[in-house]
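Asker: Show me how the following folds:
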Amino acid sequence: MAEHLGDRLARLRRLADLTQEGLAERSGVSVDVIRKLEQKRKHSARLPTLHSLSRGLGVELTSILGDPPGAPSSGDADPPQLVAVRRAIMPPLFAPPAEPNGAERLTLPLLRREIADGWTLYHDAEFGRLMDVLPGIVNDARFAAAVGTADERAAGKAALGKSLQLAGHLAIRLGKTDLALSALERAMNAASDSSDPLLAPMISNSVAWNYQRQNRLDDAEHLAVYAADGIEREHGGSAEGLRVWGGLIMSAATSAARSGDYDTANEMMTTAEDATKRLALLPPPNEGKMVSVFSRSSVRIERVRLAVQHARPEEALTLAKGMRLGADTPASWRTWLLLDVARAHTDLGNAEGAVKALEKLRQIAPAWMRHHTLAVAIVSDLWAGPARPPGLRKLAEFLGVAN
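Answerer: From the prediction side, this is the model:
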């Protein structure tokens, strides 16, 4: 069973040679909150609180969050799947690029389909399957970037950058933020020589997310704003450019919110949501899966999340009410919305509403539900509550929470 948040917090506090009072002073988090977490009277904390605790402890956010379910760390050597991914990201020095896999001749359209399918696996939380196929995709892209005419190599560089960006996202999900940064740095190098002018800003968004996971919130916000300003100047008139710009503004808002500046974050999110109206007037992007997830639905989902994280459950439920998700909204984003709705209902003492949202999540995205520590935390809180509404036991058994 995964280590409880309170156990991780107590262990990290002792390693830092801090009392609960000392951690409270260094982090700005009340002793009462720290005590309740360590005594397991609270099963979760809001992200701004977790960022403050990680700053007080001098550790990355991932140290407090723990390993994602499905990718636990046992202290043993990396499994062969992860070794293969690591080798694809950082191939042996001075070795020539590997020949493409399989007998079929590698073509750029085929390679783009491979990468798009890889992103589909990622958004469906099929991380094990993605680890199996990703090394081959990256190696194929590296080969495509090294052969052919100048234009073909530039297109291959774009494919290599996108495949390494996917590798970076996977590494973040596995809690390997340093490996992720290595992948994303290599992705950025490929993007600089590629045929896609929007690829570097998209990868900047991924780097900002990695910085968030490392508790480098100022770095994350500044990077996202810098990249967004460049997009607005040079590519703001296209649907692709607008979507990349919007994703960067959302990222900057998230960093501001986690730093405790909800007003600035809400202003950024409102600006982004207003900009989505322009998308309806522009031709859709050719390869939607290869461009940032940005739509009215995605902005509203993120606004719901920020409201929940800043103890504004009524505002969160008002924002979520009547939402109609677009067909391009990935399962991962639907998961975040339903989890935040469940958390808002829990904060308001509405266990029945929380269970209803969680039952819907289990129906549409069971794999993602298993991969989210927040789902376990919410169900744990409900299970420990005074009333257990119908359906809660099945959810608790599904997540291994039931006694």
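Asker: helix or strand for the nearest residue in space to residue 278 that is not next to it in sequence, which one?
Answerer: Leaving aside its chain neighbours, residue 278 sits nearest to residue 242 (6.1 Å; criterion: Cβ to Cβ, 6 or more residues apart in numbering). For glycine as for every other residue, the C-beta is placed from the backbone atoms N, C-alpha and C. Using DSSP states H and E, the element containing residue 242 is helix 239-258.
Asker: Would you mind identifying the next helix or strand past that helix?
Answerer: Note on helix 239-258: by DSSP H and E, the next helix or strand toward the C-terminus is helix 262-275.
Asker: mind checking how far the helix or strand following that following helix is from the chain centre?
Answerer: Counting by DSSP H and E, the next helix or strand C-terminal to helix 262-275 is helix 296-309. Centroid displacement of helix 296-309 relative to its chain, using Cα atoms, centre = their mean, to the nearest Å, is 14 Å.
Asker: Any chance you could give me helix 296-309 in CSV, C-alpha atoms only?
Answerer: In CSV, the C-alpha atoms belonging to helix 296-309 read as follows (Å, rounded to 0.1, in the frame of the first residue of the first chain):
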residue,chain,number,x,y,z
ARG,A,296,-13.2,26.9,-23.3
SER,A,297,-13.7,23.5,-21.6
SER,A,298,-10.0,23.1,-20.6
VAL,A,299,-9.8,26.7,-19.2
ARG,A,300,-13.0,26.2,-17.2
ILE,A,301,-11.6,22.9,-15.9
GLU,A,302,-8.5,24.6,-14.7
ARG,A,303,-10.5,27.4,-13.1
VAL,A,304,-12.5,24.9,-11.2
ARG,A,305,-9.3,23.3,-10.0
LEU,A,306,-7.8,26.6,-8.8
ALA,A,307,-11.0,27.5,-6.9
VAL,A,308,-11.0,24.1,-5.1
GLN,A,309,-7.3,24.4,-4.2
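Asker: and the angle from that helix to helix 239-258?
Answerer: Computed by axes from the mean of the first three to the mean of the last three Cα atoms, to 10 degrees, the angle separating helix 296-309 from helix 239-258 equals 0 degrees.
Asker: what's the following helix or strand after helix 296-309?
Answerer: helix 313-320.
Asker: ok, and what's touching that following helix?
Answerer: Helix 313-320 is contacted by residues 300, 303-305, 307-308, 337, 340-341, 343-345, 347-348 when judged by Cβ atoms under 8 Å, 6 or more residues apart in numbering.
Asker: Just the buried residues of these.
Answerer: Taking 16 or more other Cβ atoms under 10 Å as the criterion, what is buried in those is 300, 303-305, 307-308, 337, 340-341, 343-345, 347.
Asker: Quick check: nearest residue in space to residue 335, chain neighbours excluded?
Answerer: Nearest one to residue 335, counting by Cβ to Cβ, 6+ apart, is residue 368 at 4.0 Å.
Asker: Against residue 124, how distant is that neighbour?
Answerer: 8 Å (Cβ to Cβ, to the nearest Å).
Asker: What confidence value was assigned to residue 246?
Answerer: For residue 246, the pLDDT comes out at 93.
Asker: which residue packs closest to it, ignoring adjacent ones?
Answerer: Excluding the flanking residues, the one nearest residue 246 by Cβ to Cβ, 6+ apart is residue 294, at 3.7 Å.
Asker: Now the one you found. Its backbone dihedrals?
Answerer: For residue 294, the backbone dihedrals (degrees, to the nearest 10) come out as phi -150, psi 120.
Asker: Count the residues that sit near it.
Answerer: Neighbour count for residue 294, taken as other Cβ atoms under 10 Å: 23.
Asker: rewinding a little: so what sits against both of residue 368 and residue 124?
Answerer: Residues touching both residue 368 and residue 124 (Cβ under 8 Å, 6+ apart) are residue 331.
Asker: Which one's more surrounded, the two?
Answerer: Set residue 368 next to residue 124 and count neighbours by other Cβ under 10 Å: residue 368 wins out with 23 against 16.
Asker: so which helix or strand takes in the more buried one?
Answerer: Using DSSP H and E, residue 368 maps to helix 366-371.
Asker: ok, and what's touching that helix?
Answerer: The contact list for helix 366-371 (Cβ under 8 Å, 6+ apart) reads 68-70, 124-127, 173, 331-332, 335, 358, 361-362, 375, 398-399.
Asker: Just say helix, strand or coil for residue 59.
Answerer: Under DSSP: H, G, I helix; E, B strand; the rest coil, residue 59 falls in the coil class.
Asker: residues touching the closest residue to it other than its chain neighbours, list them.
Answerer: Distances taken as Cβ to Cβ, 6+ apart put residue 12 closest to residue 59, at 5.9 Å, once the chain neighbours are dropped. For residue 12, the contact set (Cβ under 8 Å, 6+ apart) comprises 57, 59, 63, 64.
Asker: Let me see the backbone angles for residue 12.
Answerer: phi -70, psi -40.
Asker: What pLDDT is listed against the nearest residue to residue 157 once chain neighbours are set aside?
Answerer: Counting by Cβ to Cβ, 6+ apart, the nearest residue to residue 157 once its immediate chain neighbours are dropped is residue 194, at 3.9 Å. Model confidence at residue 194, given as pLDDT, is 93.
Asker: Regarding residue 194, what is its secondary structure?
Answerer: Per three-state DSSP, residue 194 ends up coil.
Asker: just the one 3 residues further on next, same as before
Answerer: Secondary structure of residue 197, reduced to three states by three-state DSSP: coil.
Asker: Let me know the distance separating it from residue 235.
Answerer: 7 Å.
Asker: Now the common contact residues for those two.
Answerer: Between them, residue 197 and residue 235 share no contacting residue, judged by Cβ under 8 Å, 6+ apart.
Asker: How is this structure divided into domains?
Answerer: The record assigns the chain these domain ranges, following automatic domain parsing: 5-65, 74-196, 316-403.
Asker: Dump those domains into TSV; add distance to residue 219 as well.
Answerer: Formatted as TSV, the domains of the chain follow (distance: least, Cβ to Cβ, whole Å):
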stretch	distance to residue 219
domain 5-65	13
domain 74-196	11
domain 316-403	23
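Asker: closest one to residue 246 among these?
Answerer: Distance to residue 246, taken as Cβ to Cβ, is lowest for domain 316-403 among the domains of the chain, at 13.3 Å.
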